[in-house]
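Return atomic coordinates for the entry below.
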Amino acid sequence: MHFSFMGKQGGAHPDDKKSRTDKKPVTNASVPKIMVFPVSMHIGAPAKPIVEVGDKVKAGQIIAEEGGFVSAHVYSSVSGEVIAIEKRPTIGGEAESIIVKNDYEYTKAEPITEPGRSHEMTKDEILATVRKAGIVGMGGATFPTAVKLSPPPGMTIDTLIINGAECEPYSTSDHRAMLEHPDELIAGINLTRTLFPQLQRIYIGIEENKPDAIEALEKASAGYDDIFVRKLKSMYPQGSEKNLIKNLTGREVEPGGLPAGVKCVVANNSTIRSCYRACEFGEPLIERIVSVSGTPVKEPKNLLVKIGTPMDSLIDDCGGFSDVPGKVLGGGPMMGKTVSDLGVPIIKGTTAITVLTPDEADQGDRKDCIMCAECIHVCPVSLQPILISEAFERGNIEKAKELGAMDCIECGNCSFICPSKIPLLENIRSAKAAIKAKEGK
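Predicted coordinates for the structure are as follows:
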């Protein structure tokens, strides 16, 4: 993939490619006739369908219940009829999905909690509402938010970090959310702070390439002496949890450790805003902002999208393609996954659809490693990607584990900077999957 890309210890500087959408206000996406709701939109156990074919559903009605502690409810974003429950392609592979035929009446279900009382909710009520709303990490990680906001017993949290870095090239969905809804983000922060009685400070980290968002959040937080908006260098992956913690607090999370181990909780800005809307308005997570961009896209846009909307509907909203696309990604070019079927749906963690030209998508021919060590230099968690990759290709899964494969945050820096075009990220992802399979996880 051809990007202007400069390496640096712990990160890199790809061309951010955000100029086609960063000034474009969010507009409503079209809503198609057929909506697809995978029961696996999150890290953890799949949700369990509680509707059957032929059932009528309302917008905001739960259609699949969480399948365990680390799981999340799934809601219909439209009213209509369940016409199938079957395997469908998704960004993460094939998954059981609930298919709803939209009746375009948008009959609403009852709110998940009584609206207008977020300011008087107890800690338990907040966490229960966030869990009930099916909220997961909306920056792409999709870890269930109620679990993240409930650190293990005995762990004190003194720092809350709001991730507004959005370092992935092309993506501007978080940027627009911060710029257009700063007061709701601050309201979400003030709701979340009540969960941590020992909290001393709150950081909102935003990359310096978003000066308007920085200004908007500084203005919205002006009345709070413990909320600090911090301008971060534009460097990929600035938005990774461990990078943010180190850059904002100086603390380092040990390999395999949790942010709570250094008294921090990190949450994406759109996630925290969704927590506020769930508690204040009784809204489950049924829509999100998605950037649609890339050279072949005629009219790149930031769209407010109902979850379950197939990608091709969003491409149509943007006028289709002006050139033949070489690759379509669910997400950005660094961490996004290639999509071969534009019928795959938008899910809770879909920040962007990125379309590349054939030249941009051309990885080039793989060559032997030239031992340049660039992959090691740019790894933000200080791994040795080439050694993990080689261990996996030799079938030595134990060695890959010993080398720290499970600590990889899958940022993609190593693959993009490798002059030999070795599929490092792909191999490390496969190594992690093999390790989990071997350990029965």
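
Going along the chain, name the helices of the stretch 201-350 of the chain.
In the stretch 201-350 of the chain, helices defined by DSSP state H, counting those that start in this stretch lie at 211-220, 241-249, 269-281, 311-317, listed in chain order.

Contacts for the second one next, please.
Translated: helix 241-249. Around helix 241-249, the neighbours that count as contacts under CB atoms under 8 Å, 6 or more residues apart in numbering are 10-11, 159, 161, 163, 165, 203, 205, 230, 232, 237-238, 251-253, 259, 262, 264, 266, 380-381, 409. For glycine as for every other residue, the C-beta is placed from the backbone atoms N, C-alpha and C.

Who are the contact partners of residue 160?
If a contact means CB under 8 Å, 6+ apart, then residue 160 has 189, 192-193, 196, 199, 201-203, 264-265, 267 as its contacts.

Which positions in the helix ranked longest in the chain come out as buried?
Taking DSSP state H as the criterion, the chain has its longest helix at helix 424-438. Residues 424-425, 427-432, 434-435 are the ones in helix 424-438 that count as buried (16 or more other CB atoms under 10 Å).

Buried subset of the contacts of helix 241-249, written for ChimeraX?
Burial among those is assessed by 16+ other CB under 10 Å; the matching ChimeraX selection reads:
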select :10,11,159,161,163,165,203,205,232,237,238,253,259,262,264,266,380,381,409
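
circling back to that earlier point, deepest-packed of the helices of the stretch 201-350 of the chain, please.
Highest mean neighbour count of these: helix 269-281, a mean of 25 (counted as mean count of other CB atoms under 10 Å).

excluding its backbone neighbours, what's nearest the most centrally placed residue in the chain?
Closest residue to the average C-alpha location of the chain: residue 140 at 1.4 Å, with CA atoms, centre = their mean. Using CB to CB, 6 or more residues apart in numbering and skipping the chain neighbours, the partner closest in space to residue 140 is residue 349 (4.9 Å).

Quick check: beta-bridge partners of the nearest residue to residue 33 once chain neighbours are set aside?
Nearest-residue entry for residue 33: residue 102, 5.4 Å, with adjacent residues in sequence omitted and distances by CB to CB, 6+ apart. Legend: beta-bridge partners of residue 102 under DSSP bridges are residue 80.

Correct me if wrong: residue 102 contacts residue 37.
No. The pair residue 102 and residue 37 does not pass the contact test of CB atoms under 8 Å, sitting 11.8 Å apart.

Give me the more crowded residue out of the two.
Per other CB atoms under 10 Å, whichever of residue 102 and residue 37 has more neighbours is residue 37, with 29 against 21.

Restricting to C-alpha, output the helix or strand harbouring the more buried one in PDB.
In the assignment (DSSP states H and E), residue 37 maps to strand 34-38. Coordinates of the C-alpha atoms in strand 34-38 are reproduced here as PDB (Å, rounded to 0.1, in the frame of the first residue of the first chain):
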ATOM      1  CA  ILE A  34     -32.900  -5.100   4.500                       C
ATOM      2  CA  MET A  35     -30.900  -4.700   7.700                       C
ATOM      3  CA  VAL A  36     -28.300  -7.200   9.000                       C
ATOM      4  CA  PHE A  37     -27.500  -7.600  12.700                       C
ATOM      5  CA  PRO A  38     -24.600  -9.900  13.500                       C
END
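
which neighbours does it have in its sheet, and in what orientation?
For strand 34-38, the pairing partners within the sheet under DSSP bridges are strand 93-102 (antiparallel).

contacting residues around the strand it pairs with?
For strand 93-102, contacts defined as CB under 8 Å, 6+ apart pick out 31-40, 46, 49, 51, 57, 63-64, 74, 76, 78-88, 90, 308, 345.

circling back: in a markdown table, list the helices of the stretch 201-350 of the chain along with distance to residue 295.
Written out in a markdown table, the entries for these read as follows (distance: least, CB to CB, whole Å):
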| stretch | distance to residue 295 |
| --- | --- |
| helix 211-220 | 24 |
| helix 241-249 | 29 |
| helix 269-281 | 26 |
| helix 311-317 | 14 |
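
nearest to residue 181, of those helices?
Of all those, helix 269-281 sits nearest to residue 181, with 6.1 Å by CB to CB.

gap between residue 375 and residue 390?
To residue 390, residue 375 is 11 Å away according to CB to CB, to the nearest Å.

Which one of these two is surrounded by more residues?
Higher neighbour count among residue 375 and residue 390: residue 375, with 27 against 18, using other CB under 10 Å.

element containing that one?
Of the helices and strands defined by DSSP H and E, residue 375 is found in helix 374-378.

Check residue 41 too.
According to DSSP H and E, residue 41 maps onto no helix or strand at all.

burial count for it?
Using other CB under 10 Å as the criterion, residue 41 is surrounded by 29 other residues.

Mind listing what's buried along stretch 172-181?
In stretch 172-181, the ones that count as buried by 16+ other CB under 10 Å are 172-179, 181.

want to try CSV for those residues, with distance to residue 244, pLDDT and secondary structure as columns?
Output for these, formatted as CSV (distance: CB to CB, whole Å; pLDDT from 0 to 100; DSSP: H, G, I helix; E, B strand; the rest coil):
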residue, distance to residue 244, pLDDT, secondary structure
172, 19, 97, coil
173, 18, 97, helix
174, 13, 97, helix
175, 16, 97, helix
176, 20, 98, helix
177, 17, 97, helix
178, 15, 98, helix
179, 20, 98, helix
181, 21, 98, coil
